[in-house]
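1. Structure here, sequence nowhere to be found:
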């Protein structure tokens, strides 16, 4: 995949990075009786992942201690997990998410789909390397062992990291691929999944965008409707993820955020993964799309669905004011803010 937006919410310190100051602040926050969670939140939410790796190293140099272990001994619950997630090098975090999705009984197919189906070739290569380094296992082998059927084939295919990155569109191939998809689905009794796999997994993003447009002209329905009617289960979700991401990556991830928080309860693991993976990349863009699509600010949704220090860190990562107002105060303050407004105090 090649589509990426650049408005993240965590921009870091850049040339103003002061590793010593950050390390000292973290040590003081955990030394002695009690823990200064506010100081921990301030450091972790104001530095990029690359900067946090430098701070981790400096912390160990200064104190002979492992920052992650100190945080584990002082914190608990979702707040602890989110802090530890932020400290992992990004490919290692994604590798952890994939391993966690397949470890033990059952498989979290949603995590596999959201990470693998939206990653670039370079990102997949980095994740596979991190997976091997961290777990002494091969990601593709684990995918083969934990999934089955055409769903396995599409994930294993994506995990090869060989999607075309050609930006030149061959109109003859576009027409052929659109026709092949049509013949493999709506024009066929049953569905030829191998055709869908070959095109959706191998073709470049610009090519797929053109294919989806051509498909709609041929069939009078869009590719999403065709996938929905012709497939089912996890395979359907994987195909839909690829297609939705190609059509509009911001809308796709906005929906992922919405799904993590809708209804009774919150899928905190999914919410944390989304925030950590996108806060430096495109979270501000996603938030604007979320407001457009659901007529509610992403900041308000996160605030309403979480609590405590876990909430404070999440909203800081999302570039939101961390003061905890009442619901009425929150609405009065933020209901008139434009999507572009930064709400950090």
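-> It's in. These numbers were taken from a predicted model, which means no experiment stands behind them. Numbering: from 1, shown residues only.
2. From residue 83, how far off is residue 9?
-> Taking C-beta to C-beta, to the nearest Å as the measure, residue 9 falls 17 Å from residue 83. Bear in mind the C-beta positions are built from the backbone N, C-alpha and C, glycine included.
3. Contact partners for residue 27?
-> The neighbours of residue 27, taking C-beta atoms under 8 Å, 6 or more residues apart in numbering as the test, are 59, 62-63, 65, 70.
4. Can you point out the buried residues in the host helix or strand of it?
-> Residue 27 belongs to helix 19-30 when assigned by DSSP states H and E. For helix 19-30, the neighbour count (16 or more other C-beta atoms under 10 Å) marks 19, 22-23, 25-27, 29-30 as buried.
5. can you check stretch 117-134 too?
-> 117-121, 123-124, 126-128, 130-131, 134.
6. Now it: average pLDDT?
-> Throughout stretch 117-134, pLDDT has a mean value of 97.
7. cool, stretch 35-50 as well?
-> Per-residue scores along stretch 35-50 average to 96.
8. That one: end-to-end distance?
-> For stretch 35-50, the separation between the terminal residues is 25 Å (C-alpha to C-alpha, to the nearest Å).
9. Equivalent analysis for stretch 67-84, please.
-> Start-to-end, stretch 67-84 (C-alpha to C-alpha) is 9 Å.
10. Centre of the chain to that stretch, how far?
-> 21 Å (C-alpha atoms, centre = their mean, to the nearest Å).
11. which outside residues touch it?
-> Contact partners of stretch 67-84, identified using C-beta under 8 Å, 6+ apart, comprise 26-27, 30, 35, 37, 40, 44, 55-56, 59-60, 87, 268, 272, 275-276, 306, 308-310, 313-314.
12. Now, of those residues, which are buried?
-> Counted by 16+ other C-beta under 10 Å, these give 26-27, 30, 35, 37, 40, 44, 55-56, 59, 87, 268, 272, 275-276, 306, 309-310, 313-314 as buried.
13. Show me where this protein dips below the pLDDT cut-off.
-> Residues of the chain meeting the criterion pLDDT under 70: 1-6, 186-190, 320-345.
14. now do 80
-> For the chain, the stretches with pLDDT under 80 are 1-6, 185-191, 319-345.
15. mind giving me the domain ranges of it?
-> 14-87, 90-159, 171-247, 254-334 (automatic domain parsing).
16. Indicate which one of these is closest to residue 165.
-> domain 171-247 (5.8 Å; C-beta to C-beta).
17. And the helices in the stretch 1-150 of the chain?
-> Using DSSP state H, counting those that start in this stretch, the helices assigned to the stretch 1-150 of the chain run over residues 19-30, 37-45, 49-63, 67-74, 77-87, 90-102, 109-116, 121-135, 139-146, 149-159.
18. I'd like these as TSV, with distance to residue 213 appended.
-> Formatted as TSV, those follow (distance: least, C-beta to C-beta, whole Å):
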stretch	distance to residue 213
helix 19-30	48
helix 37-45	41
helix 49-63	36
helix 67-74	47
helix 77-87	38
helix 90-102	31
helix 109-116	24
helix 121-135	24
helix 139-146	31
helix 149-159	22
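19. nearest to residue 247, of those helices?
-> Short answer: helix 109-116, nearest of these by C-beta to C-beta, at 15.8 Å.
20. neighbours of residue 266, just the number please.
-> Residue 266: 18 surrounding residues under other C-beta atoms under 10 Å.
21. do residue 152 as well
-> For residue 152, the neighbour count with other C-beta under 10 Å is 16.
22. That one contacts residue 143, doesn't it?
-> Yes - here residue 152 reaches residue 143: they are 6.8 Å apart, a contact under C-beta atoms under 8 Å.
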